[in-house]
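Okay, sequence plus prediction incoming.
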Amino acid sequence: MLDIQLTRTAQGKPRPDPASLVFGKLFTDHMFLMDYHDGQGWHQPRIVPYGPLSLEPSCMVFHYAQEVFEGLKAYRTPDGKVQLFRPVENARRLAASCQRLCIPPIDEQDFVQAVKALVQVDLDWVPDRPGTSLYIRPFVFATDPNLGVHASHSYLFAIILSPVGAYYPEGINPVKIYVEDEDVRAVRGGTGHTKCGGNYAASIRAGARAEAQGYSQVLWLDGVHRKYVEEVGAMNVLFKVDGKVITPALTGSVLPGITRKSCLELLRDWGIPVEERLVTARELFDAAVDGRLEEAWGTGTAAVVSPIGELAMGEERAVIHGGQIGRLTQRLYDTLTGIQWGTEPDPYGWTVPVE
Ligand SMILES: *Cc1c(COP(=O)(O)O)cnc(C)c1O
């Protein structure tokens, strides 16, 4: 158990217009901070007014990117309560990310306690319009003022909160995706299975090029053979082929998404065959030609599911489900969002009340 010190802000910010929330631009009144120093371990957990941090220019994270983060949401249910979705999974994944980046891990229960405590302090920032939520961004980074290349001896664990609008205010529109054949996101043995900021830095260029050509995102291929599908943008990817759901196996270069995991658990519960394995882009385009590629979608906390309406690889085009969202994709979306916002029962015990 953390003994969290609370310093409230003297004056809260005005609440935003819930209709005009933009992702990640506006933050609540408070933030959580906790320090680490070799010999002392993680200490001084505190909730303080949200505001700038003071760091030396030599701060290690600026140079060597020793940093990891998480992303989850708090949802307001119809009875006005606030709940989290599988926060222990985020805690576990953060610890795994820390391990890979030589960062001292944060205890899983401390992580969940800190998230709950901060959301409680800013509880009235959790919006209540349909589809809106409070995005939670925990992150850990190296703070040694030192340019020597080795693991830092000091770190900061911070959590900030941002109210977000509905991801699909105009309804779900399937997106166009293109198979990236130049850049790769991750390789086995690297950091692809962790949520570290460096992965994102390396993926921005491909995403920008895709957008410039009229696509929403890229479909990443593996870094060695350049033929196995891994993820779509910063989401996991699932395909329905011949009545079966196929998704890239967690080989080390794929991020183990909690939405992916939840989809697979739902599908197995529904008796739909699921395969976690290597899958080539060629196999998918061949299936599309034969009419066997029935549905495709990305999964992630932000969008929940994002249907793919068209895939492009070189000169080839594969239109999926007539460019419309498929039935299984829609069912997964409805079920997951129903559980998250508490409009449907949660038989899996995935939701955790904030109190
Ligand atoms: C965060 C992330 C995902 C999705 O994970 P969720 O836990 O479902 O939000 C997928 N791919 C990458 C690269 C990610 O960073």
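Looks like it arrived, so ask away.

Tell me the confidence at the residue of the stretch 1-150 of the chain found nearest the ligand?
Per C-beta to the nearest ligand atom, Gly71 is where the stretch 1-150 of the chain lies closest to the ligand, at 5.7 Å. Glycine gets a C-beta too; all of them are placed from N, C-alpha and C. Gly71 carries a pLDDT score of 98 in this model.

Let me see the contact set for it.
By C-beta atoms under 8 Å, 6 or more residues apart in numbering, Gly71 lies in contact with 90, 135-137, 195, 301-302.

Among the residues you listed, which are located in helices?
Using DSSP state H, the members of the contacts of Gly71 that fall in helices are Asn90.

ranking the contacts of Gly71 by neighbours, who comes first?
Lys195 (25 neighbours; other C-beta atoms under 10 Å).

quick one: it and Leu72 touch, right?
No. Using C-beta atoms under 8 Å, Lys195 makes no contact with Leu72, being 11.1 Å away.

follow-up on the earlier one: if we check the ligand, which of the contacts of Gly71 are in contact?
Among those, proximity to the ligand is found for 195, 301 (C-beta under 6 Å from any ligand atom).

In strands, which of the contacts of Gly71 fall?
135-137 (DSSP state E).

which among the residues you listed gets closest to Val164?
Tyr135 (4.8 Å; C-beta to C-beta).

OK, contacts around that closest one?
23-24, 71-73, 161-164, 302.

just Ala302 next, same as before
Contacts of Ala302 by C-beta under 8 Å, 6+ apart are 23, 71, 135, 164, 167.

Doesn't the last one lie inside a strand?
So the one you mean is Tyr167. No. Counting by DSSP: H, G, I helix; E, B strand; the rest coil, Tyr167 is not part of a strand but coil.

State the distance from it to the ligand.
According to C-beta to the nearest ligand atom, to the nearest Å, Tyr167 stands 12 Å off from the ligand.

Name the nearest residue to that residue, sequence neighbours excluded.
Nearest residue to Tyr167 in three dimensions, chain neighbours excluded: Ala303, at 5.0 Å (C-beta to C-beta, 6 or more residues apart in numbering).

How far does stretch 225-244 stretch from one end to the other?
The stretch stretch 225-244 measures 25 Å between its terminal residues, going by C-alpha to C-alpha, to the nearest Å.

Same check on stretch 342-350?
Stretch 342-350: ends 11 Å apart by C-alpha to C-alpha.

Just the buried positions in that stretch, please.
342, 350 (16 or more other C-beta atoms under 10 Å).

near the ligand, which residues of the protein?
Checking the chain against the ligand by C-beta under 6 Å from any ligand atom, the hits are 71, 195, 231, 234-236, 255, 257-260, 299-301.

In this structure, which helix is the longest?
The chain, longest helix under DSSP H: helix 197-212.

which residues are in contact with that helix?
Residues outside helix 197-212 that contact it (C-beta under 8 Å, 6+ apart) are 65, 67-69, 177-178, 180, 182-183, 185-186, 191-192, 216-218, 220, 233-234.

quick one: which of these sit in strands?
67-69, 177-178, 217-218, 220.

Mind pulling up the pLDDT for the nearest residue to Leu255 once chain neighbours are set aside?
Excluding its sequence neighbours, the residue lying closest to Leu255 (C-beta to C-beta, 6+ apart) is His193, at 6.2 Å. As predicted, His193 sits at a pLDDT of 97.

Would you map the helices across the stretch 51-200 of the chain?
60-64, 87-100, 108-121, 197-212 (DSSP state H, counting those that start in this stretch).

hmm, back to that, possible to save the ones in strands among the contacts of Gly71 as CSV with distance to Arg86 and pLDDT?
CSV is the format used below for these (distance: C-beta to C-beta, whole Å; pLDDT from 0 to 100):
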residue, distance to Arg86, pLDDT
Tyr135, 15, 98
Ile136, 12, 98
Arg137, 16, 98
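
and which of those residues is nearest Ser97?
Once C-beta to C-beta is applied, the member of the ones in strands among the contacts of Gly71 that ends up nearest Ser97 is Arg137, at 13.7 Å.

Confirm for me that the closest one is in contact with Val68.
No. Using C-beta under 8 Å, Arg137 is not in contact with Val68, being 11.7 Å away.

Need the nearest residue in space to Lys227, chain neighbours excluded.
Thr280 (4.8 Å).

Contacts only, for that neighbour.
227-229.

Dump the residues you listed into JSON lines; add neighbour count, secondary structure and pLDDT as well.
Formatted as JSON lines, those follow (neighbours: other C-beta atoms under 10 Å; DSSP: H, G, I helix; E, B strand; the rest coil; pLDDT from 0 to 100):
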{"residue": "Lys227", "neighbour count": "15", "secondary structure": "coil", "pLDDT": "97"}
{"residue": "Tyr228", "neighbour count": "22", "secondary structure": "strand", "pLDDT": "98"}
{"residue": "Val229", "neighbour count": "25", "secondary structure": "strand", "pLDDT": "98"}
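
Show me the strands in the stretch 201-350 of the chain, by range?
For the stretch 201-350 of the chain, strands defined by DSSP state E, counting those that start in this stretch occupy the ranges 217-221, 229-232, 236-241, 244-248, 274-277, 293-300, 304-313, 316-319.
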